[in-house]
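1. build the 3D model from these lines:
(2 chains)
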Amino acid sequence: GAVVSQHPSWVICKSGTSVKIECRSLDFQATTMFWYRQFPKQSLMLMATSNEGSKATYEQGVEKDKFLINHASLTLSTLTVTSAHPEDSSFYICSARRDYNQPQHFGDGTRLSIL
Amino acid sequence: AQTVTQSQPEMSVQEAETVTLSCTYDTSESDYYLFWYKQPPSRQMILVIRQEAYKQQNATENRFSVNFQKAAKSFSLKISDSQLGDAAMYFCAYRSAMGGDKIIFGKGTRLHILP
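-> Numbering: from 1, shown residues only, chains lettered A, B, ... in the order given. You can find the predicted model right below:
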């Protein structure tokens, strides 16, 4: 149990376009989902925390208007990178958990490449 | 602020041997969780083992065990009978148990298994 699916796994797009990444909890209801960014050979950096039905809480330094997060249901959260530029190229990973005392379960990640 | 330090960027171990990965952390809190995550080349983050700070007994999961030294703020991971499939990046992580969802990751240790 506790499977988290992330889609797409890899996306290449032109600079200036917007890209949406989906994160789904397949076999459990996730009250909270998290979005991380990972640069090559670096650790995961939390970007934002989202609770179902409420606005996401962004970490310091993360642009809210650049990285739009929607957590519309207990099984789906989306991250939209708006007007993407080459510096937004990175590996984005989501995670989800049932409730506060449960561990986070991670998706497979999305490799985003902006040309 | 809490920090997690992994002082070994890379380690190698012979197949079937035992290896220990080091992790230290800094916090002023008394109640928290510690984790070891594995990230293989496929990039998915996999929870290896979890330790609650209030538990004195070290957590174990099959070939994986931890040495949790709360006073020293040390949380090392021991992998016994190393297998080729253990090759991955290993991240030590911290999460407060007193409010807040944020997981703080160390920079990781890349483990190579030598056949």
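
2. pLDDT score for the closest residue in space to residue B:6 that isn't next to it in sequence?
-> Of all residues beyond its chain neighbours, the one nearest residue B:6 is residue B:106 (3.9 Å), with distances taken as Cβ to Cβ, 6 or more residues apart in numbering or on different chains. Where you see a C-beta, it was placed from the backbone N, CA and C, and this is true even at glycine. Note for residue B:106: predicted pLDDT of 95.

3. ok, residue B:106 touching residue B:91?
-> Yes. Here residue B:106 reaches residue B:91: they are 5.8 Å apart, a contact under Cβ atoms under 8 Å.

4. quick check: buried residues in stretch A:74-85?
-> Residues of stretch A:74-85 classed as buried by neighbour count (16 or more other Cβ atoms under 10 Å in any protein chain shown): A:74-79, A:81, A:84.

5. name the nearest of these relative to residue B:87.
-> When the buried residues of stretch A:74-85 are compared for distance to residue B:87, the smallest value, 29.6 Å, is given by residue A:79; criterion: Cβ to Cβ.

6. restricted to strands, list the buried residues of stretch A:74-85.
-> The strands, defined by DSSP state E, take in A:76-79, A:81 from the buried residues of stretch A:74-85.

7. got these as TSV, with distance to chain B and pLDDT columns?
-> Below are those laid out as TSV (distance: Cβ to the nearest Cβ, whole Å; pLDDT from 0 to 100):
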residue	distance to chain B	pLDDT
A:76	18	94
A:77	14	94
A:78	19	95
A:79	16	97
A:81	18	97
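
8. residue A:65: which of these is nearest?
-> Compare each of these with residue A:65 using Cβ to Cβ and the shortest gap goes to residue A:81, at 11.0 Å.
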